[in-house]
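>>> coords below, sequence missing:
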């Protein structure tokens, strides 16, 4: 006998809303403060977006497709900085949609302090905060 999976269908808007209920999303100035206090800011955008729009100074570049492997403390492919589950990780993308889903995925791995920059780098730019030339991915 084969077990049958029951699939509950949800729209991406529903998935995003659920993810955001778990996040303590930060605005640009709160992210700047969190960085000064040891928060790890992570740019998950693809290289084309980073080249076109620059990036936030001090951010690590870890593209979305490898994010979980780089930040899971139990992963052989983790970054050296990702050695504990209480690491304050702040993810950002262009407008804050993908970053919410990514931060929720990090929380699913046990990184309970993971969150994102509300509004993405677009909100950072609108706040008049500094942007630098894009770097290579980590």
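Sure thing, it's come through. Here the structure is a predicted model, which is why all the values come from computation and not from measurement.
>>> Now do the lowest-mean-pLDDT helix or strand in the chain: distance to the chain's middle.
Ranked by mean pLDDT, DSSP states H and E, the weakest helix or strand in the chain is helix 47-53, scoring a mean of 94. Using C-alpha atoms, centre = their mean, to the nearest Å, the mean C-alpha position of helix 47-53 is found 16 Å from that of the whole chain.
>>> next SSE after that helix?
The C-terminal neighbour of helix 47-53 among helices and strands, as given by DSSP states H and E, is strand 60-61.
>>> Contact partners for residue 124?
Listed by C-beta atoms under 8 Å, 6 or more residues apart in numbering, the contact partners of residue 124 are 28, 31, 56, 92, 117, 131. Where C-beta positions appear, they are placed from N, C-alpha and C, glycine not excepted.
>>> And the strands in the protein, which stretches?
Here the chain has its strands, by DSSP state E, at 40-43, 60-61, 89-92, 115-116.
>>> Turn those strands into CSV, including mean neighbour count, distance to residue 52 and mean pLDDT.
Output for the strands of the chain, formatted as CSV (neighbours: other C-beta atoms under 10 Å; distance: least, C-beta to C-beta, whole Å; pLDDT from 0 to 100):
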stretch, mean neighbour count, distance to residue 52, mean pLDDT
strand 40-43, 25, 13, 98
strand 60-61, 18, 14, 96
strand 89-92, 27, 15, 99
strand 115-116, 28, 20, 99
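>>> With distance to residue 16 as extra columns, can I get those in CSV?
Shown next, in CSV, are these (distance: least, C-beta to C-beta, whole Å):
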stretch, distance to residue 16
strand 40-43, 19
strand 60-61, 23
strand 89-92, 14
strand 115-116, 11
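>>> Perfect, that will be all.
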